[in-house]
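>>> attaching a predicted model along with its sequence, questions to come.
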Amino acid sequence: MFVFTVISTLVFTTAELHQSFAQSTGEYSGGFNGAVNLELRADLSQDSIPLPHYWKASGWCPPEPYSSMATYANSESTWQNHAHIASVPRRGVKYMRIHNLLFLVTVPKQSDPTYLLPRDFNFTGLDKLLDLLVIEFGFAIGFEIMGNPLFEGNVSSNIGVFTSWKSSQQLQSWKTMVKALAEHVIGRYGIDLVSQWRWEAWNEPDHNCNSKSKFKANIDCDLQSWLGYFDACAQGLKEVNPNLLWGGPGAGAAMMSTPFLTAMLQHVSTARENGSNSTALDFVQWHEKGVATNTAADVAIVAHIRNVSPAIAATIITGNEEVDPLGGWNKVVEWRGDSTYPAAVSRILNMHQHALRENETDVIYAYHSNDNSFLNYGDAWFDQRTLVVRFLMNETGATEVLRKPILNVMALLSLMGTRKYHVTGSPDPQQSPFGIMVTSRTSPTEAHELEISVLMYNADGVTNNCTAPACDVNASVTLHGLSEWISRASLKNRWRVSSVVQACITHFRIDQTHGNPRALWTSFGGPSNPYPSPEQFALMRNATEIDVLERRFLTLPTSSTNSSDVSPLPLTLSTILPQPAVSMFHVCILTTPVPDIPSAAHSLAARVTPTLSPPTVFLRWRAPSTGSACIATYIIEYSISGSRDFQRVNKRDTIFEAFVHAQESINSKDFGASLAGTATGCYRVQAVSVWGESGSYSNTVCV
């Protein structure tokens, strides 16, 4: 066996942090004005645990009235929103969960809800949105079986065909609809894709399943009829294909004070004990927001699940799918637009990993989602629970959508490894603003590369009342045992490894001065400047890229050597983290003398946006499927002629798989023509690895 050792010396400069660490570990013995010195160790053979990327999900709800959902779903804003989210590298956001999809389904006029046949359901409107999400953007769907099919010719009304789940005939028609829906999407997208979807019960029955709210869809409901609805959905899905995943209850903040979770667990347990296939349950999910600094509510929910049904708790996935720092997506708070939000999300993930995956061994916490793919109101800009900021340029009719720092942290999390190392003595993430996660992986493209990712954050919930530099964290992480780890990992992959290997360390940073387009917008006037100029948009787009504080190259030994060209081990990674901030050290290790060249970026597509001044083109592509996965940047090139004189147009490096090009920003002298007014020309994209190797060009697209 061999040991992968991590030794960290962390210097915390605030008495509050010293005190919280002392309370959480009992190990701090220094004065509050002194440094905290920690020796942190991880044993690769004993302490490494699997780290599936269970946080790769988001979701949204259409604005009311839900009868207008088709207009919202087919809007330019919605397209740009999903295009940005889908561009996170390594499919860092895989699942898209959506409320009220059944409002996109129609039935013939005068349909009787007690007797509906499969042919009565028209899925054309639903197909248009799902085609966008599944085919164009590659998302797996979190399909909430939620909404009420509208009558053809009267889709402007919220009155749908179903009126009550207390009617057994209507529940039978509901099952017919679910079965027809499942058959339809499998026929359209294939079982391989649809079997990855998560079919979920109606959102938050604890708030809306009653004779007053009627689920905001005119469907009368109580606990007993909700269980009938639950069974109708389960039966409809499983009769089509038993591999379709069905779960619930999707209850919200009132879950522990209302009976839905308990009733569902007891109902399913009874059916299992009796050998009945009248219902099914593949996962348990709930919504518990406002968890910025502790996981007590989620721990209590998991304990309740375990107490009611130990068999369910031990055998199926559980998870909080709305684990957002603050409830109320439309609440306007400044921190949702800056680095506070990504720092808080990083801490929340680490807290749940620690409390529910490492300290709870008889549950399977494997679903963890933020519900933040909404689009901001026109006068809220950066400050609602969204991944992007939308500018509705009413003076020109154009829409501009930019990434926020919260979407950038999803890109950093996509770089995390698939094995996590327990760091003995590290601060309890529920007690300390500082946290660390050390992970590793073999290259996802099977190149001869190993990766180590060290995530660090400094987040005091969403308050961050401490001003710099008082709350700065000076962190120095020293990695021991690299030689042994590289050799063993190479042997496992049947790679020959030389006595020395090359390493590249990239330090990404998100904080209030790095990658903060909101601060730039504020300097332009903020709300008093609702229609930024093209020049201001260009600067804000540049600010959306993730800053690289450092990229350095080392030669590391895999065995004893006296070469003066080899960097001494152990390896030390150091930084000063302000509050709030997130750092990601991404260490790529090349185990062969010659790096694998990344293959061509592929599936390049271009969309001309409604913006005319300047003409703007939204470009999307997919990452190389082979060769080096350690991508330093994509180079986006443009030619006005389409056959020659391609020039790079992205001024900053990007690891995202999308780029928005405002053509007027091109120097017309360089291209020999003015581009004002109409988008024109051709594009191609090339991936460049951290080793400096350029892949082949993608396909060329012209507009």
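Thanks, I have the structure now.

>>> where exactly do the helices run in the stretch 451-600 of the chain?
Counting by DSSP state H, counting those that start in this stretch, one finds helices in the stretch 451-600 of the chain at the ranges 482-492, 517-523, 534-543.

>>> including mean pLDDT, distance to Thr361 and mean neighbour count, could these go into TSV?
In short, each C-beta sits where N, CA and C put it, glycine included. Written out in TSV, the entries for these read as follows (pLDDT from 0 to 100; distance: least, Cβ to Cβ, whole Å; neighbours: other Cβ atoms under 10 Å):
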stretch	mean pLDDT	distance to Thr361	mean neighbour count
helix 482-492	83	26	18
helix 517-523	97	41	19
helix 534-543	95	44	18
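
>>> and of those helices, who's closest to Phe553?
With Cβ to Cβ as the criterion, Phe553 lies closest to helix 482-492 of the helices of the stretch 451-600 of the chain, at 15.0 Å.

>>> how far away is Met146 from Val701?
Remark: distance between Met146 and Val701 (Cβ to Cβ, to the nearest Å) = 37 Å.

>>> if we can go back for a sec, what would the helices of the stretch 451-600 of the chain look like in TSV with distance to Pro610?
TSV is the format used below for these (distance: least, Cβ to Cβ, whole Å):
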stretch	distance to Pro610
helix 482-492	50
helix 517-523	21
helix 534-543	14
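
>>> so which of these is nearest Gln285?
With Cβ to Cβ, the closest approach to Gln285 among the helices of the stretch 451-600 of the chain belongs to helix 517-523: 31.5 Å.

>>> which elements pack onto that closest one?
In this structure, helix 517-523 packs against helix 534-543, with contacts taken as 3 or more Cβ pairs under 8 Å, 6 or more residues apart in numbering; DSSP states H and E.

>>> just the CA trace of the helix it packs on, in PDB.
Coordinates of each C-alpha in helix 534-543 appear next as PDB, following Å, rounded to 0.1, in the frame of the first residue of the first chain:
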ATOM      1  CA  PRO A 534     -22.200  48.000 -26.700                       C
ATOM      2  CA  GLU A 535     -18.800  48.900 -25.300                       C
ATOM      3  CA  GLN A 536     -20.000  48.300 -21.700                       C
ATOM      4  CA  PHE A 537     -21.500  45.000 -22.700                       C
ATOM      5  CA  ALA A 538     -18.100  44.000 -24.200                       C
ATOM      6  CA  LEU A 539     -16.300  44.800 -21.000                       C
ATOM      7  CA  MET A 540     -18.900  42.900 -18.900                       C
ATOM      8  CA  ARG A 541     -18.600  39.900 -21.200                       C
ATOM      9  CA  ASN A 542     -14.900  39.900 -20.600                       C
ATOM     10  CA  ALA A 543     -15.500  40.000 -16.900                       C
END
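
>>> hang on, the earlier thing: which one of Met146 and Val701 has more residues nearby?
Each of Met146 and Val701 has its neighbours counted (other Cβ atoms under 10 Å); Met146 has more, 23 against 20.

>>> OK, contacts around the more buried one?
Applying Cβ atoms under 8 Å, 6 or more residues apart in numbering to Met146 gives the contacts 99-102, 202-203, 215.

>>> Ala605 now?
Applying Cβ under 8 Å, 6+ apart, we find Ala605 in contact with 619-621, 701.

>>> quick one: which of the residues you listed sit in strands?
Secondary-structure check on those using DSSP state E: residues within strands are 619-621, 701.

>>> and of the residues you listed, the nearest to Val688?
Ranked by distance to Val688 (Cβ to Cβ), those are led by Trp621 at 13.6 Å.

>>> run a quick neighbour tally on the nearest residue to Trp165 once chain neighbours are set aside.
Closest residue to Trp165 apart from its sequence neighbours, by Cβ to Cβ, 6 or more residues apart in numbering: Ser225 at 3.9 Å. For Ser225, the number of neighbouring residues by other Cβ under 10 Å comes to 19.

>>> isn't Ser225 right up against Thr163?
No: counting by Cβ atoms under 8 Å, Ser225 does not reach Thr163; the two are 11.7 Å apart.

>>> so where does Arg347 fall, helix or strand?
helix 340-352 (DSSP states H and E).

>>> so what's Met96 up against?
Residues in contact with Met96 (Cβ under 8 Å, 6+ apart) are 57-60, 82, 85, 133, 139-142, 373.

>>> tell me the SS of it?
Put simply, Met96 is strand when judged by DSSP: H, G, I helix; E, B strand; the rest coil.

>>> and it, what pLDDT?
Listed pLDDT for Met96 reads 98.

>>> average pLDDT for the longest helix along the chain, rounded please.
In terms of residue count, the longest helix belonging to the chain (DSSP state H) is helix 168-189. When pLDDT is averaged along helix 168-189, the result is 98.

>>> what sits up against stretch 532-542?
Contacts of stretch 532-542 with the rest of the structure, by Cβ under 8 Å, 6+ apart, involve 391, 400, 402, 517, 520-521, 524, 529, 613-614, 651-652, 660, 662, 664-665.

>>> now, those that are in strands?
Filtering the contacts of stretch 532-542 for membership in strands, criterion DSSP E, returns 391, 400, 402, 660, 662.

>>> just the buried ones from those residues?
The neighbour-count test (16 or more other Cβ atoms under 10 Å) marks 391, 400, 402, 660, 662 as buried among the ones in strands among the contacts of stretch 532-542.

>>> identify the residue spatially nearest to the fourth one, adjacent ones excluded.
Meaning Val660. Phe618 (5.4 Å).

>>> what separation do you get for the one you found and Ala658?
Counting by Cβ to Cβ, the separation of Phe618 from Ala658 is 7 Å.

>>> overlap in contacts of these two?
Contact criterion Cβ under 8 Å, 6+ apart; residues shared by Phe618 and Ala658: Ala83.

>>> figure out which of the helices of the stretch 451-600 of the chain is closest to Asp472.
Checking the helices of the stretch 451-600 of the chain against Asp472 by Cβ to Cβ gives helix 517-523 as the closest, at 18.6 Å.

>>> shaky segments in the stretch 251-400 of the chain?
Applying pLDDT under 70 to the stretch 251-400 of the chain flags the ranges 395-397.

>>> ranges for the strands of it?
Taking DSSP state E, counting those that start in this stretch, the strands of the stretch 251-400 of the chain run over residues 283-286, 317-320, 364-368, 388-393, 398-403.

>>> tilt between the fourth one and helix 534-543?
To tie it back to what came earlier, the one meant is strand 388-393. Between the axes of strand 388-393 and helix 534-543, defined by axes from the mean of the first three to the mean of the last three Cα atoms, to 10 degrees, the angle is 170 degrees.

>>> got the contact list for strand 388-393?
The contact list for strand 388-393, computed with Cβ under 8 Å, 6+ apart, reads 77, 80-81, 84-85, 337, 375-376, 378, 381-382, 399-404, 407, 517-518, 530-532, 537, 611.

>>> what mean pLDDT does stretch 594-612 get?
Throughout stretch 594-612, pLDDT has a mean value of 92.

>>> what do you get for stretch 197-214?
Averaged across stretch 197-214, the pLDDT comes to 95.

>>> quick one: it to chain centroid distance?
Stretch 197-214 has its C-alpha centroid displaced from the chain centroid by 24 Å (Cα atoms, centre = their mean, to the nearest Å).

>>> same question for stretch 193-206.
In terms of Cα atoms, centre = their mean, the gap separating the centre of stretch 193-206 from the centre of its chain is 17 Å.

>>> hmm, back to that, okay if I get the strands of the stretch 251-400 of the chain as a markdown table plus distance to Thr262?
Shown next, in a markdown table, are the strands of the stretch 251-400 of the chain (distance: least, Cβ to Cβ, whole Å):
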| stretch | distance to Thr262 |
| --- | --- |
| strand 283-286 | 12 |
| strand 317-320 | 14 |
| strand 364-368 | 19 |
| strand 388-393 | 38 |
| strand 398-403 | 41 |
